[in-house]
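What follows is a predicted protein model with its sequence.
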Amino acid sequence: MNKSYFIETFGCQMNVADSELVEGLLQKEGYKPADNINSADAIFVNTCAIREHAEEKVHSQLGRYNLIKKQKPDIIIGVLGCMAQNLKDSILESRPYVDIVLGPDSYRKLPEILNRKANNAKSIVDTKLSRYEVYDDLFPSRNEGINAWISIMRGCDKFCTFCIVPFTRGRERSRSIASIVAEAEQAVRDGFVEITMLGQNVNSYKHEQEGFPELLEAVASISGLKRIRYTSPHPQDINTELLEVMAAHDTICNYIHLPLQAGSNRILKRMNRTYTKEHFLGLADHIRDSLPNVGISTDIIVGFPGETNAEFEETLDVMEKIKFDSAFTFKYSSRPGTKAAGYSNHLSEEEKKERLQRVIELQKNHTLDRNLNTVGNVETVLIEKESKKSTQHWAGRTDSNKWVIFEKHNSKIKDFVPVLITAAKGVSLHGDLIYKEEAHVI
Ligand code: SAH
Ligand code: SF4
Ligand code: F3S
C-alpha cells in the first residue's frame, strides 16, 4: 500500500515553493498526500527562523507531533528548512523523536534518507549548504491553480546584520533563464495564470551574463501568461533598466515590494542595508515616476539595537514622505549568530511594542489614503477565492496587489474581470463587477 505524507509550511513564500518541491519528490517515491495529519505515515514541517516567534510556533507544532508519535511509533517526523539548518543537531537533542533534519539545500537526499529510515537507521541530519544547488531539474507538485511560485535564485549574500537568512540559506546562486522559462511555460500549460518569481534577493539574480531585467523580459514574452509578480527585491538592486522592463509589459504587475527596514542613516548603516534614507526616498520617487499607479509595500523593523527615539521618528518621517500602500512591520528579534545580536543597547520589549504600535497606526492611515485614491477607478481583478465576508462575494487582487471584494454575479475563480472600485475599508477595496452582456471576462 502507498505511504502517505502530511506537510506543514511556515515562513516565507520560498518555503511554500520548497514544500512543493519536497511534495514532488515524495510523490515520485510513491507517497500520497494524507487526508489529515493523524492518518499520515510521515509528517514534515518546513520551518522558518527569521524571528524568535517563528521558531516558537514550530516548537509548539513539534510538541503536537510527539503526541501523535506516542500513539503511532512508526510514524516518521521530519524537520525541514531554515530552522533545521539553524539548529541542526540541537533539535535532535531536545526532540529525540524527530527522525529527519534536512536543511534547505538537502531535499534531493530525501528519497534516499527515507529508504535508510525504512531500514531502521537512526535519526538522520543533513544540513550541508551548497554553492550550486538550485533544484533545476526537480518538478514541484503545485496545489492551487492560480499562482505558481517559481524559485529563480537561492540564498543571500547581503548579510544585513539582523538577519539569519544568509546563514540558513547560504550563498546566492541563480538558475538559468532557459530553465525558469521552461518551468513557467509548463505552469501555463497546467492552467496557472499568474507566476511569482521568488528569491530572498530576487533582483540580484545573475546567471552567466544575464541579470534580473533580462529574465523578466524573457518571462514576459511567454504566451498565455497573464500576470507576473516577483518577491522580494532589495532596494540596492532596483535600477532603471528593471523599471523600464516593468513599464514595457502589461503582464508584469505594477507592484514593488521595497523594504525600508529603518529611516535613520545611522541605523541603516548598522543594519548593513547599503542605502541611505536619501537614496531610498529618491528611489521611491523614481519608481512612481516610471510606473504610474504602482503599488509599493515595505518591511519595517522597529527597535533595532541602539535605535534612539529620534532615530525611530525618522522611520515615521520616511513613511510619511512615501506613504506606502502597505507594510509588514516587525519588532526587532535577536537572532543568535548574527552580528546585531552582539550589539549593545538592546531595547526592552515594552519600548519595541510601543514603537510597533505607532508604526502600525501610521501605516493604517496611509493604506487607507492610498486605497481611497483608487475609488472611482476601474481595476482589472484576478478572482482568487471566495471572500471571507460572504459566499456571495469574491476576493481578488488588482495588479498593484490590492485585495478587492465584490459580488460574484456569474464570474468565476481565475477570471480577469473589470471592477469599479466604490469604497476602501480597512485594508481592502470594495467594488462592483462591470458586467458586459457578451463577455464580461476580459
Ligand atoms: N530578503 C528580504 C526579506 C527577508 S525576511 C529583504 O531583504 O527584504 C523578511 C523581513 O523580515 C525583512 O525584510 C525584515 O523586515 C524582517 N526581519 C528579518 N530579520 C529580522 C529580525 N531579526 N527581527 C525582526 N524582523 C526581521
Ligand atoms: Fe536578510 Fe538582508 Fe538578505 Fe534580506 S537582503 S534576506 S534582510 S540578509
Ligand atoms: Fe524564514 Fe527561511 Fe524564509 S528564515 S523567512 S523561511 S528564508
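Received it, and whenever you're ready, just let me know what you need. Ligands and ions are numbered 1, 2, ... in the order given.

Show me where this structure has its helices.
13-28, 52-71, 82-87, 89-94, 110-118, 165-169, 177-189, 212-220, 240-248, 265-271, 277-290, 309-322, 349-372 (DSSP state H).

What parts of the chain come near ligand 2?
156, 158-160, 163, 165-166, 200-201, 234 (CB under 6 Å from any ligand atom). Glycine gets a C-beta too; all of them are placed from N, C-alpha and C.

okay if I get those as a markdown table plus distance to Ala178 and pLDDT?
Converted to a markdown table, the residues of the chain next to ligand 2 look like this (distance: CB to CB, whole Å; pLDDT from 0 to 100):
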| residue | distance to Ala178 | pLDDT |
| --- | --- | --- |
| Cys156 | 24 | 97 |
| Lys158 | 27 | 97 |
| Phe159 | 30 | 98 |
| Cys160 | 31 | 98 |
| Cys163 | 31 | 98 |
| Val165 | 27 | 98 |
| Pro166 | 28 | 97 |
| Gln200 | 22 | 94 |
| Asn201 | 21 | 93 |
| His234 | 25 | 97 |
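
restrict those to contacts with ligand 3.
165, 200.

Could you save the residues of the chain next to ligand 2 as CSV and add columns showing distance to Arg358 and neighbour count?
Listed next are the residues of the chain next to ligand 2 as CSV, based on distance: CB to CB, whole Å; neighbours: other CB atoms under 10 Å:
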residue, distance to Arg358, neighbour count
Cys156, 29, 21
Lys158, 27, 17
Phe159, 29, 13
Cys160, 23, 21
Cys163, 23, 21
Val165, 27, 22
Pro166, 30, 18
Gln200, 28, 23
Asn201, 29, 23
His234, 26, 21
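
As JSON lines, the residues of the chain next to ligand 2 with distance to ligand 1 would be great.
Output for the residues of the chain next to ligand 2, formatted as JSON lines (distance: CB to the nearest ligand atom, whole Å):
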{"residue": "Cys156", "distance to ligand 1": "6"}
{"residue": "Lys158", "distance to ligand 1": "7"}
{"residue": "Phe159", "distance to ligand 1": "11"}
{"residue": "Cys160", "distance to ligand 1": "7"}
{"residue": "Cys163", "distance to ligand 1": "4"}
{"residue": "Val165", "distance to ligand 1": "6"}
{"residue": "Pro166", "distance to ligand 1": "10"}
{"residue": "Gln200", "distance to ligand 1": "4"}
{"residue": "Asn201", "distance to ligand 1": "6"}
{"residue": "His234", "distance to ligand 1": "5"}
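
Include distance to Ser297 when you put the residues of the chain next to ligand 2 into CSV, please.
CSV is the format used below for the residues of the chain next to ligand 2 (distance: CB to CB, whole Å):
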residue, distance to Ser297
Cys156, 19
Lys158, 19
Phe159, 23
Cys160, 18
Cys163, 18
Val165, 19
Pro166, 23
Gln200, 16
Asn201, 17
His234, 14
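
highest average neighbour count across the helices of the chain?
helix 82-87 (a mean of 25; mean count of other CB atoms under 10 Å).

so, in contact with ligand 3 or not, it?
Yes. With CB under 6 Å from any ligand atom as the criterion, ligand 3 is reached by helix 82-87 at Cys82.

now for that helix, which elements pack on it?
strand 42-47, helix 52-71, helix 165-169 (3 or more CB pairs under 8 Å, 6 or more residues apart in numbering; DSSP states H and E).

what mean pLDDT does that helix have?
On average, the pLDDT along helix 82-87 is 94.

can you check stretch 237-251 too?
Stretch 237-251 comes out at a mean pLDDT of 97.

wait, does it contact ligand 1?
No. For stretch 237-251, no contact with ligand 1 is found by CB under 6 Å from any ligand atom; the gap never falls below 10.1 Å.

mind checking the end-to-end distance for that stretch?
21 Å (CA to CA, to the nearest Å).

re earlier: which one of the residues of the chain next to ligand 2 sits closest to Gln71?
Top of the list for closeness to Gln71, among those and by CB to CB, is Val165 at 36.3 Å.

one step back: format the helices and strands packed on helix 82-87 as CSV; extra columns: distance to Ile383.
Putting these into CSV (distance: least, CB to CB, whole Å) gives the following:
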stretch, distance to Ile383
strand 42-47, 28
helix 52-71, 31
helix 165-169, 33
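
Out of those, flag the one nearest Asn86.
Nearest of the helices and strands packed on helix 82-87 (CB to CB): helix 165-169, 5.3 Å.

Can you pull out the low-pLDDT segments for the stretch 1-150 of the chain?
Along the stretch 1-150 of the chain, the model assigns pLDDT under 70 to residues 1.

Which residue is the nearest non-sequential neighbour of Arg229?
Thr196 (4.3 Å; CB to CB, 6 or more residues apart in numbering).

Could you do Tyr205 as well?
Phe212 (4.3 Å).

And for His409?
Using CB to CB, 6+ apart, the closest residue to His409 is Leu433 (5.4 Å).

Count the residues that sit near the one you found.
When neighbours are defined as other CB atoms under 10 Å, Leu433 has 21 of them.

thought it was touching Ser411?
Yes. Taking contacts as CB atoms under 8 Å, Leu433 lies within contact range of Ser411: 6.0 Å.

Ile152: how many residues sit nearby?
Counted with other CB under 10 Å, Ile152 comes out at 25.

Is the residue nearest to it when sequence neighbours are not counted bridged to anything, and to what?
Sequence neighbours aside, Met197 is the residue nearest to Ile152 in space, at 4.7 Å (criterion: CB to CB, 6+ apart). On the basis of DSSP bridges, Met197 is bridged to Ile150, Tyr230.

Next one: Met197 from ligand 3, what distance?
Shown here: Met197 relative to ligand 3, a distance of 15 Å by CB to the nearest ligand atom, to the nearest Å.

now that residue: how far from Leu80?
Distance, Met197 to Leu80, using CB to CB, to the nearest Å: 22 Å.

How about Asn86?
12 Å.

Ok, Pro111 next?
Taking CB to CB, one finds Pro111 at 14 Å from Leu80.

Ramachandran coordinates for Gly11?
Dihedral angles of Gly11 (phi, psi; degrees, to the nearest 10) stand at phi 90, psi -160.

how many neighbours does it have?
21.

so it touches Ile50, yeah?
Yes. If you go by CB under 8 Å, Gly11 and Ile50 touch, sitting 6.8 Å apart.

Show me the common contact partners of these two, please.
Common neighbours of Gly11 and Ile50, using CB atoms under 8 Å, 6 or more residues apart in numbering, are Cys82.

For this protein, which residues are neighbours of ligand 3?
11-12, 14-15, 48-50, 81-82, 164-165, 168-169, 200.

how about CSV for those residues, with distance to Ala40 added?
Shown next, in CSV, are those (distance: CB to CB, whole Å):
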residue, distance to Ala40
Gly11, 21
Cys12, 24
Met14, 24
Asn15, 19
Cys48, 21
Ala49, 24
Ile50, 27
Gly81, 18
Cys82, 22
Ile164, 29
Val165, 29
Thr168, 26
Arg169, 27
Gln200, 30
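
Identify, from those, the entry nearest to Lys117.
The closest of the residues of the chain next to ligand 3, once distances to Lys117 are taken by CB to CB, is Gly81, at 18.6 Å.
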